[in-house]
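Trainee: prediction below, plus the sequence it came from.
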Amino acid sequence: MIGSILAWFTDPAHWSGEDGVPHRLFQHLWYTGATLLVAALVAIPLGLWIGHTGRARWLVSAANAVRAVPTLGLLLAASLWLGPHLQGDLAYVVPSIGVLAILAVPPLLAGTYAGIEAVDPAARDAAKGVGMSGRQVLWQVEVPNALPLVMSGVRSATLQVVATATIAAYPGLGGLGRFIIDGQAYGEYRTAAAGALLVAALAVALEGLLALVQRRVVSPGLRGAVGGSRNDDDADPAEMDPAAEPVDVRAHA
Amino acid sequence: MKRRTALAAVAVAAALGLTACGGGSDPLASDSPTASAGGGSGSGGAIVVGGANFSESTLLAEIYAGALKAKGIDATTKTNIGAREVYLRALQDNSVQVFPEYTGALALFYDKSYSGTDADEVYAHVKEVLPKDLTVLDKSAAEDNDSINVTKETAQKYSLTKVSDLAKVAGDLTLAAPPEFKQRPQGVPGLEKTYGITFKSFRPLTGQAIIQALANGQADAANIFSTDPAIAANGFVTLEDDKKLFGSQNIVPLVRADRADEVKDALNAVSAKLTTEAIAGMLKQTDIDKKDPKTVAQEFLASNGLG
């Protein structure tokens, strides 16, 4: 069986044209990227605001509750509903990106909010004490300190979206899901298996890439294993996001 | 260290996932349905009537099962199995024993180069090319074919009445059809070979989504079954298959050879009564009026003295 999947990968016919792996991979990344962008534009400012002001925390739980919505069912309903109102590919792209964004918002929102919330109050006070404005406190103290948790939210959202973006093939779009759905329709199970493997490989690759990005953007002072970790009641990263790596959030003013 | 452990866990999980489907029947073992050996014992047990993933097939499966039950044969249905590429394997491995099929599609499936279009010729050819563990019973007069449809506006805009009219404009148009249409000999490859038609793009959709795409303009042409009541309901124009690409598609019961004697009488009686009009009428009830296919099938059987 592994041999027949390998044979699929080594067949040059599967590496060119509209149905080729590169094109499908590109489409898949495109859907994933667009989804994350849309979700980040909603979730990160909202998370910053909730974390900074401490207001409307219920939004985080509400967003988490939305995770329970069945994505495929929502996609089919949204395509049927939006189909008559949108032109061409948009009629499938908008519902697909929309339902995927619903998956990406909760981890991004939770990560951002928890990150800001977990910043040591002493650091915040010190920042105010040296005369920083609310805006300066947010951007120069809270955001840099929150980055490890924000990034873990980004990673968890990316993983979820890249694995679920296969459903875009359901309403007739491309992406790696095409291999899975077409493989089933043609009765060529190795095509479906190859598609599934590609999705898994892509997810692992993106996760690795984002881990590197996180290493680059997070202040070295927030890494390392020295010192005790804070265990704030409502800001435990593991509680906010089970997929997140336990991150040591220590504040340095 | 932690990261290394995680990677190892992923690798183990992946290996488990891959080997898990290695036990028992291996779905990846044969990509060509004719190569499937077809295990399972022969006769005995209840008859399972299969149905493909579209409403007409479900309806026909219910009609067959109802007719068998009326003759005192224990029969159940297993509908929505998938496309031909998938369900023919279910017949060969004996998980279903009876399946409503279409003569032309069946002939082409087992003989990719077949180009006959005459109904009796196609039927005779099917009998020749079927694997020896499968056979067909009497064909019915009812026919359901693939058909290329456009909206009334598109038909007027490009003055389309037959499929060959598409040749000069198809380069600007999008075709919506089930995913398997892209590979089938009488699908996209057939349109290219027989008509010289290459669409700008292909939109793989299933069922109701095809109708929606054509009605809403996400597709300019669509492959819809000719008995589908949505064609009339939406005022679509069916283009005449002037070069007979789609051939003859009479509805015929495909059965396992070792069970044929058991089911022959009941199913041949059904085929004798089935007409294209009867199918279209019943599909209107199931697809548009949303009636239960089983009820519609029972009514058909009762009114034809079969149930």
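Mentor: On my side now, so go ahead. Numbering: from 1, shown residues only, chains lettered A, B, ... in the order given.

Trainee: what about the residue in chain A that chain B sits nearest to, distance to B:Arg84?
Mentor: Going by C-beta to the nearest C-beta, chain B is nearest to A:Gly187 of chain A, at 3.0 Å. Where C-beta positions appear, they are placed from N, C-alpha and C, glycine not excepted. When distance is defined by C-beta to C-beta, to the nearest Å, A:Gly187 is 8 Å away from B:Arg84.

Trainee: which residues does the residue in chain B positioned nearest to chain A contact?
Mentor: Proximity of chain B to chain A (C-beta to the nearest C-beta) peaks at B:Glu85, 3.0 Å away. Going by C-beta atoms under 8 Å, 6 or more residues apart in numbering or on different chains, B:Glu85 touches A:Ala185, A:Tyr186, A:Gly187, A:Glu188, B:Pro33, B:Glu180.

Trainee: which of those fall within helices?
Mentor: Within the contacts of B:Glu85, residues falling in helices by DSSP state H are A:Ala185, A:Tyr186.

Trainee: before we move on, back to that, could you check how far the helix or strand harbouring the residue of chain B closest to chain A is from the centre of its chain?
Mentor: Counting by DSSP states H and E, the element that carries B:Glu85 is helix B:84-92. Relative to the mean C-alpha coordinate of its chain, helix B:84-92 is positioned 11 Å out (C-alpha atoms, centre = their mean, to the nearest Å).

Trainee: helices or strands next to the helix or strand just after that helix in the packing?
Mentor: Counting by DSSP H and E, the next helix or strand C-terminal to helix B:84-92 is strand B:98-102. In terms of contacts (3 or more C-beta pairs under 8 Å, 6 or more residues apart in numbering or on different chains; DSSP states H and E), strand B:98-102 is packed against strand B:47-50, helix B:55-70, helix B:84-92, strand B:251-256.

Trainee: 7 Å instead?
Mentor: strand B:47-50, helix B:55-70, strand B:251-256 (3 or more C-beta pairs under 7 Å, 6 or more residues apart in numbering or on different chains; DSSP states H and E).

Trainee: next SSE after it?
Mentor: Once the chain leaves strand B:98-102, the next helix or strand it forms, by DSSP H and E, is helix B:103-110.

Trainee: let's see if you can find the most crowded of the contacts of B:Glu85.
Mentor: Across the contacts of B:Glu85, the neighbour count under other C-beta atoms under 10 Å in any protein chain shown reaches its highest value at A:Ala185, namely 24 neighbours.

Trainee: that one reaches B:Glu180, doesn't it?
Mentor: Yes. Contact criterion C-beta atoms under 7 Å: A:Ala185 and B:Glu180 qualify, at 4.5 Å.

Trainee: skipping adjacent residues, who's closest to the residue of chain A closest to chain B in space?
Mentor: Nearest in space to A:Gly187, with sequence neighbours left out and distances taken as C-beta to C-beta, 6 or more residues apart in numbering or on different chains, is B:Glu85 at 3.0 Å.

Trainee: re earlier: and which of the contacts of B:Glu85 is nearest to B:Ser303?
Mentor: Set against B:Ser303, the nearest of these by C-beta to C-beta is B:Glu180 (34.5 Å).

Trainee: I'd like the distance between that closest one and B:Ala213.
Mentor: According to C-beta to C-beta, B:Glu180 stands 17 Å off from B:Ala213.

Trainee: and for A:Leu25?
Mentor: Distance, A:Leu25 to B:Ala213, using C-beta to C-beta: 25 Å.

Trainee: picking that back up, tell me how far the residue of chain A closest to chain B lies from A:Pro121.
Mentor: Using C-beta to C-beta, A:Gly187 is found at 62 Å from A:Pro121.

Trainee: repeat for A:Val105
Mentor: Relative to A:Pro121, and taking C-beta to C-beta, A:Val105 is found at 27 Å.

Trainee: with A:Ala7 instead?
Mentor: The gap separating A:Ala7 from A:Pro121 is 60 Å, by C-beta to C-beta.

Trainee: cool, A:Ala65 as well?
Mentor: For A:Ala65, the distance to A:Pro121 - C-beta to C-beta - is 29 Å.

Trainee: cheers, nothing more for now.
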